[in-house]
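Chemist: What follows is a predicted protein model with its sequence.
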Amino acid sequence: MFTRIARIVVATLLGAVALLVSPLVASSASAAMCPQYPAMVTTTTTLSISPSTVAKGQSFTAKATVTASTGPAPTGIIVFKYGSQRREVTLVPGTTSSTASATFTATGTRAVKARYPGKCAESDAQAGFGPSHSRTVILGAEANRAAPSSGSAGTTSAVGGLAATGASGQTELFGLLGLGMIVVGGLALVVHRRRVNG
């Protein structure tokens, strides 16, 4: 029994490592296609949604801002994802950052993400921009109930947007996996003590 729990713990740890490393590998692979990759400017992508809570079937807007660590504003596209919906939008350059917006129809309480794939330099005189991902934002979707037969106003149940922690998606995932590992470790210890004392 204890050996089986140990194997589950090891498998969970390996899965967690794979989940945490895979986005970094994907980013490196996409950026490595640019010959000037070592000199690429690093970028940061932020995401906001408005409104943060809507009724199912209504529209909301996701806005991404891509900022370069130095030099001109980034160019290229931004990729938005909401559930199974995906939008590619061309960035509009500003003075120090670039923005893009996409409109979605709410289908439920789901994650909204934005990814900047980066942009290769078109010449030695231009800057290339490295890829970046926004933190995940959760859209809250309202469920409207029918009005009661007494004629009083119907009630609305809403699931609000989850509070932003400020941490990246990978950091939040690592924290959740860490809590899970603590629980599994505690259970394994209890089982082991019972076997020893029993």
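Modeler: Okay, I see it.
Chemist: Would you map the strands across this structure?
Modeler: Applying DSSP state E to the chain gives strands spanning 43-50, 53-55, 59-68, 77-82, 85-90, 92-93, 97-105, 110-116, 132-133, 137-144, 156-158.
Chemist: The ones you listed into JSON lines, with extra columns for mean neighbour count and distance to N197?
Modeler: The way it works is simple: take the backbone N, C-alpha and C, and place the C-beta from them, glycine included. Formatted as JSON lines, these follow (neighbours: other C-beta atoms under 10 Å; distance: least, C-beta to C-beta, whole Å):
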{"stretch": "strand 43-50", "mean neighbour count": "17", "distance to N197": "52"}
{"stretch": "strand 53-55", "mean neighbour count": "16", "distance to N197": "52"}
{"stretch": "strand 59-68", "mean neighbour count": "20", "distance to N197": "56"}
{"stretch": "strand 77-82", "mean neighbour count": "21", "distance to N197": "51"}
{"stretch": "strand 85-90", "mean neighbour count": "14", "distance to N197": "55"}
{"stretch": "strand 92-93", "mean neighbour count": "14", "distance to N197": "68"}
{"stretch": "strand 97-105", "mean neighbour count": "18", "distance to N197": "57"}
{"stretch": "strand 110-116", "mean neighbour count": "22", "distance to N197": "45"}
{"stretch": "strand 132-133", "mean neighbour count": "22", "distance to N197": "49"}
{"stretch": "strand 137-144", "mean neighbour count": "18", "distance to N197": "45"}
{"stretch": "strand 156-158", "mean neighbour count": "11", "distance to N197": "49"}
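Chemist: Can you spell out the domain ranges of this protein, please?
Modeler: According to automatic domain parsing, the chain comprises the domains 1-32+167-198, 35-143+154-164.
Chemist: If you average pLDDT over each of those, which is lowest?
Modeler: Mean pLDDT across the domains of the chain is lowest at domain 1-32+167-198; the value there is a mean of 60.
Chemist: nearest residue to F60 other than its sequence neighbours?
Modeler: V54 (5.0 Å; C-beta to C-beta, 6 or more residues apart in numbering).
Chemist: Count the neighbours of the residue nearest to R110 when sequence neighbours are not counted for me.
Modeler: Among residues not flanking R110 along the chain, G83 sits closest, at 4.4 Å (C-beta to C-beta, 6+ apart). Per other C-beta atoms under 10 Å, the neighbour tally for G83 reads 14.
Chemist: May I ask you to confirm that G83 is in contact with T109?
Modeler: No: look at G83 against T109 with C-beta atoms under 8 Å: they stay out of range, at 9.8 Å.
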